[in-house]
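J.: need a 3D model of the sequence below.
(one chain, ligands or ions: 1)
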Amino acid sequence: MRPNSELHIAVFPGDGIGVEITPPVLRLAEAAAARTGGFSLRFDVLEGGAGYYRDHGRTMPASALDTAGGADAILLAAMGLPDVRYPDGREITPQVDLRMEFGLFAGVRPVRPVPGVRPVLVDPRAAEMDFVLVRESTEGLFAPQAPGTRTADEARETMVITRATTEKLTDFACDLARRRDRGRRVTLVDKANVFQAFAFMREVFDERAARHPDVTAEHTYVDAFAMILAQRPWEIDVAVTENMFGDILSDLGAALMGGMGYAPSADIGEGRAVFQPCHGTAPDIAGKGLANPTAMILSAAMMLEWLEAEKGAPEAGRAGALLREAVDRAFAPGSLVTRELGGEAGTAAVIAAVEAELGRLDP
Ligand code: ATP
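T.: This next block holds a predicted model:
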């Protein structure tokens, strides 16, 4: 990337608390970019979500999808409203449509507690927890190419596991373990003892992982993995799994960090990515200033770090690291306690604390 160049970010505030947390997080990301110098961020704030569907009969304007497709990265807050649904009763989830549209097969959910946030597990080793859950995000039990069927007496769903996606996913997970260099271990989480789709996934995973001899590849059944998450998650490095299992396990991962308000994520494909907090639109607290913006700040940090590798923008990576460090420092004294953990700090208090720390950091 040339010095002083501009990175173009498509931004979807979406619905509910998404609309509240987006402006201050964009301000923080801009401030981090300005501190490093050498690049700037251009945000295109786009319409889309359940509220847009209610008013216009489609989830986003076609121009928004075009703009997002042409951007260097996409930052999305949250979409969906409980009372806005398609005629068949399904929720409006344009974020899932973006995964399919752009082939974002790797849902990356890092699980690392923010120091100073009240630990969920009592074992002191939990402070060392630092793993990444990679959720396959375009097929599995969510595969839109194989919708379920329903009659008056029976409903069925279909799980789709393909060789092509499993190979890409395995390469992605092994590359990630190599880059992290924290044990270089990738665990496939499956249920290969019961379902042929998972037996197939395991076979393809093993074949493909053999191409990464510097990475240890292993498997665990999902039920045993759920126990590991609760009892000794600090032993995990990179875990990779099917879409539905990933959906469930990533909420458990978020809980281990203190709650949905702390869990960032990315949906990554080939050259394209959407960065989004794990949480939804939280209608129960929307409009009250109570939402914890930490997950979105950390998602913006992941975006900047991805842009470093993807667009050759080392300053963006530095800006991401600054944001992350500012979050760690803001929470470190233990006095900033968010509402979901029984404290008083809402959106404004967290943003102010992170902003102050960002200003103090040496770029
Ligand atoms: P989705 O189906 O879109 O994932 P959901 O309704 O299952 O949405 P969330 O919207 O994430 O889940 O909300 C789950 C709970 O977590 C709610 O009680 C909500 O208030 C709380 N919550 C979610 N995000 C935050 C946040 N950023 N700060 C504080 N509380 C949050």
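J.: any chance you could map the strands in the stretch 101-250 of the chain?
T.: 106-111, 131-136, 149-150, 155-156, 185-190, 216-221, 238-241 (DSSP state E, counting those that start in this stretch).
J.: quick check: L7 is in a strand.
T.: Yes. Assessed with DSSP: H, G, I helix; E, B strand; the rest coil, L7 lies in a strand.
J.: residues near it, how many?
T.: 22 (other Cβ atoms under 10 Å). For glycine as for every other residue, the C-beta is placed from the backbone atoms N, C-alpha and C.
J.: please report how far it lies from S63.
T.: 20 Å (Cβ to Cβ, to the nearest Å).
J.: ok, which stretches of the stretch 251-363 of the chain are helices?
T.: Applying DSSP state H, counting those that start in this stretch to the stretch 251-363 of the chain gives helices spanning 294-311, 314-331, 347-360.
J.: what about those helices, which gets the closest to F200?
T.: helix 294-311 (30.0 Å; Cβ to Cβ).
J.: helices or strands up against that closest one?
T.: Using 3 or more Cβ pairs under 8 Å, 6 or more residues apart in numbering; DSSP states H and E as the contact test, the elements touching helix 294-311 are strand 5-14, helix 17-36, strand 73-78, strand 266-268, strand 273-275, helix 314-331.
J.: can I have it written out in CSV, keeping just the CAs?
T.: The C-alpha coordinates for helix 294-311 follow below in CSV (Å, rounded to 0.1, in the frame of the first residue of the first chain):
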residue,chain,number,x,y,z
THR,A,294,-16.3,-3.8,23.0
ALA,A,295,-17.1,-6.6,20.6
MET,A,296,-17.5,-4.2,17.7
ILE,A,297,-14.3,-2.3,18.6
LEU,A,298,-12.5,-5.7,18.6
SER,A,299,-14.1,-6.6,15.3
ALA,A,300,-12.8,-3.3,13.8
ALA,A,301,-9.4,-4.2,15.2
MET,A,302,-9.6,-7.6,13.4
MET,A,303,-10.6,-5.9,10.2
LEU,A,304,-7.6,-3.6,10.4
GLU,A,305,-5.3,-6.5,11.1
TRP,A,306,-6.8,-8.5,8.1
LEU,A,307,-6.3,-5.4,5.9
GLU,A,308,-2.6,-5.5,6.8
ALA,A,309,-2.1,-9.0,5.3
GLU,A,310,-4.7,-8.7,2.5
LYS,A,311,-3.9,-5.2,1.2
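J.: what residues does the stretch 51-200 of the chain have near the ligand?
T.: Contact residues (Cβ under 6 Å from any ligand atom) of the stretch 51-200 of the chain with the ligand: G80.
J.: which residue does the stretch 51-200 of the chain have closest to the ligand?
T.: G80 (4.6 Å; Cβ to the nearest ligand atom).
J.: tell me which element Q95 falls in.
T.: In this assignment (DSSP states H and E), Q95 forms part of helix 94-101.
J.: what's next to stretch 317-337, contact-wise?
T.: By Cβ atoms under 8 Å, 6 or more residues apart in numbering, the residues outside stretch 317-337 that reach it are 28-29, 32-33, 35-36, 39, 114-118, 294, 297-298, 300-305, 307-309, 343-345, 349-350, 353-358, 360-361, 363.
J.: try it again with 6 Å
T.: The contact list for stretch 317-337 (Cβ atoms under 6 Å, 6 or more residues apart in numbering) reads 32-33, 36, 114-117, 297, 301, 304-305, 308, 343, 345, 353-354, 357-358, 361.
J.: and stretch 102-110, by the same measure?
T.: Contacts for stretch 102-110 (Cβ under 6 Å, 6+ apart): 132-135, 137-138, 165, 168, 172, 246, 250, 253, 265-269, 272.
J.: between its first and last residues, how far does that stretch reach?
T.: 21 Å (Cα to Cα, to the nearest Å).
J.: what residue is smack in the middle of the chain?
T.: Centroid-nearest residue in the chain, with Cα atoms, centre = their mean: S265, separated by 1.2 Å.
J.: in terms of pLDDT, where does it sit?
T.: Per-residue pLDDT puts S265 at 98.
J.: distance check, it against D44.
T.: The gap separating S265 from D44 is 21 Å, by Cβ to Cβ.
J.: let me know which of the strands of the stretch 101-250 of the chain is tucked in deepest.
T.: strand 238-241 (a mean of 28; mean count of other Cβ atoms under 10 Å).
J.: and that one, what other elements does it pack with?
T.: Packing contacts for strand 238-241, counted by 3 or more Cβ pairs under 6 Å, 6 or more residues apart in numbering; DSSP states H and E, involve strand 131-136, helix 163-180, strand 185-190.
J.: can you lay out those as a markdown table showing distance to T93 and mean pLDDT?
T.: As requested, those are exported to a markdown table (distance: least, Cβ to Cβ, whole Å; pLDDT from 0 to 100):
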| stretch | distance to T93 | mean pLDDT |
| --- | --- | --- |
| strand 131-136 | 15 | 98 |
| helix 163-180 | 20 | 98 |
| strand 185-190 | 23 | 98 |
